[in-house]
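>>> just a sequence and a predicted model for now, questions to come.
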Amino acid sequence: MQVAKALTIAGSDSGGGAGVQADLKTFQELDVYGMSAITAVTAQNTLGVQGVYDVSVDGVIEQLNSIGDDLTPNAVKTGMLFSEDIIEATAICIDFYGWKNLVVDPVMIAKGGAKLLQDQAVRALKERLLPLSTVVTPNLPEAEVLADMKIDSEDKKKEAAKAIHGLGADFVVIKGGHDSSSIVTDILYDGHAFTTFDSNRYETKNTHGTGCTFSAAITAQLAQGKSVPESIKLAKAFIQAAIEDDLHIGAGHGPTNHWAYEKRGALT
Ligand SMILES: Nc1ncnc2c1ncn2[C@@H]1O[C@H](COP(=O)(O)OP(=O)(O)OP(=O)(O)O)[C@@H](O)[C@H]1O
Ligand SMILES: Cc1ncc(CO)c(N)n1
């Protein structure tokens with residue numbers, strides 16, 4: 001049996017809803033063999049982030065070398081990268097091993113406000129990682145930082161997508177989770193045209209790890225040879241199911257349900 005392999009380079013969430021844990025659960029649900037290189041360990045639950053401990057740059061490089069020397073991934077995603085040095089090391093390794101199908105989720109701040117990327121690391125993200133990326137998936141506040149502009153209209157969102165595309169990503173998806181409208185719209189820009197992906201907003205506080213899960217689903221699809229638009233369509237259906245069928249775990253912002261998409265498929 002030939003199985004596609006995907007790698008996540010990201011932080012660990014002890015609460016299991018975001019970060020490496022969300023990525024591996026998503027890969028597994030989408031029939032992709034999951035691998036991980038951990039950049040930081042967070043002490044985290046549904047109430048917030050209690051601590052952040054970054055892994056040494058040597059530790060990150062050694063994990064990537066272990067994978068690169070034996071287990072070539074068909075697609076790679078990055079999540080929480082924390083520091084300029086970790087971004088630099090990640091970019092060098094991705095380039096060295098020639099890994100393709102890179103999805104960059106430019107994680108900056110956790111929903112509760114904790115910093116998951118140092119301010120001085122934004123430049124490295126823009127200059128070192130985005131030029132290697134197939135897809136970059138900012139939420140609205142991240143798109144504002146990457147494009148260096150305020151986004152307060154649909155036209156501004158499109159202008160920001162163009163600016164981020166100009167940083168070197170092949171495809172830009174600006175996610176709509178932070179909007180307040182009843183329809184959640186993610187927009188995709190491929191350098192020529194825009195495509196929109198709409199869904200009904202589901203009112204819930206259990207949205208911890210939505211961005212990680214969405215970008216991991218895109219990565220799993222790319223690993224299996226799907227096109228970027230096809231991968232985003234599936235990822236949107238995957239996250240919609242995971243949000244709507246919420247698990248009610250923990251007293252704060254609970255995780256999404258990584259089983260839900262498969263379960264729906266089994267029922268239809
Ligand atoms: N309430 C909701 N109902 C339906 N879809 C949603 C909702 N919130 C987010 N989404 C979808 O989830 C995906 C992630 O979007 P979001 O903007 O929440 O990412 P994020 O802020 O990076 O997430 P996080 O930082 O919590 O991991 C997108 O595809 C978005 O459309
Ligand atoms: C480790 C980690 N990565 C990403 C996020 C963003 O959801 C988070 N809260 N924690």
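That came through, no problem. Numbering: from 1, shown residues only. Ligands and ions are numbered 1, 2, ... in the order given.
>>> name the helix or strand for residue 218, please.
Take DSSP states H and E as the rule and residue 218 turns out to sit in helix 210-223.
>>> other SSEs contacting that helix?
Helices and strands touching helix 210-223, by 3 or more CB pairs under 8 Å, 6 or more residues apart in numbering; DSSP states H and E, are strand 5-13, helix 19-29, strand 75-78, strand 102-104, strand 135-136, helix 228-244. To be clear about C-beta, it is placed using only N, CA and C from the backbone, and glycine gets the same treatment.
>>> mind listing the strands the shortest one pairs with, and their directions?
Applying DSSP bridges to the sheet, strand 135-136 is found paired with strand 102-104 (parallel), strand 171-174 (parallel).
>>> can you tell me the distance between the two ends of stretch 102-114?
The distance separating the two terminal residues of stretch 102-114, taken as CA to CA, to the nearest Å, comes to 25 Å.
>>> in it, what's buried?
102-108, 110-111 (16 or more other CB atoms under 10 Å).
>>> if we can go back for a sec, is the helix holding residue 218 positioned near ligand 2?
Yes. Helix 210-223 is in contact with ligand 2 by CB under 6 Å from any ligand atom, via 211-212.
>>> export that helix to CSV, keeping only CA atoms.
Provided in CSV are the C-alpha atoms of helix 210-223 (Å, rounded to 0.1, in the frame of the first residue of the first chain):
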residue,chain,number,x,y,z
THR,A,210,-9.7,26.0,13.5
GLY,A,211,-6.8,27.6,11.6
CYS,A,212,-4.4,24.7,12.3
THR,A,213,-7.0,22.1,11.3
PHE,A,214,-7.9,24.0,8.1
SER,A,215,-4.3,24.3,6.9
ALA,A,216,-3.5,20.7,7.9
ALA,A,217,-6.5,19.5,5.8
ILE,A,218,-5.1,21.5,2.8
THR,A,219,-1.7,19.9,3.4
ALA,A,220,-3.2,16.4,3.5
GLN,A,221,-5.0,16.9,0.2
LEU,A,222,-1.9,18.4,-1.5
ALA,A,223,0.1,15.3,-0.2
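>>> and it, how far from the chain's centre?
Mean C-alpha position of helix 210-223 versus that of the full chain (CA atoms, centre = their mean, to the nearest Å) differs by 6 Å.
>>> what angle separates that helix from strand 5-13?
Our comparison of helix 210-223 with strand 5-13, counting by axes from the mean of the first three to the mean of the last three CA atoms, to 10 degrees, yields an angle of 170 degrees.
>>> is helix 210-223 positioned near ligand 1?
Yes. With CB under 6 Å from any ligand atom as the criterion, ligand 1 is reached by helix 210-223 at 210-212, 214.
>>> and if you look at stretch 255-268?
No. Stretch 255-268 stays out of contact with ligand 1 when judged by CB under 6 Å from any ligand atom, the minimum separation being 8.4 Å.
>>> same question for that stretch, mean pLDDT?
Looking at stretch 255-268 alone, the average pLDDT works out to 86.
>>> re earlier: columns distance to ligand 1 and mean pLDDT on top of the strands paired with strand 135-136, output as a markdown table?
As requested, those are arranged in a markdown table below (distance: least, CB to the nearest ligand atom, whole Å; pLDDT from 0 to 100):
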| stretch | distance to ligand 1 | mean pLDDT |
| --- | --- | --- |
| strand 102-104 | 12 | 98 |
| strand 171-174 | 8 | 98 |
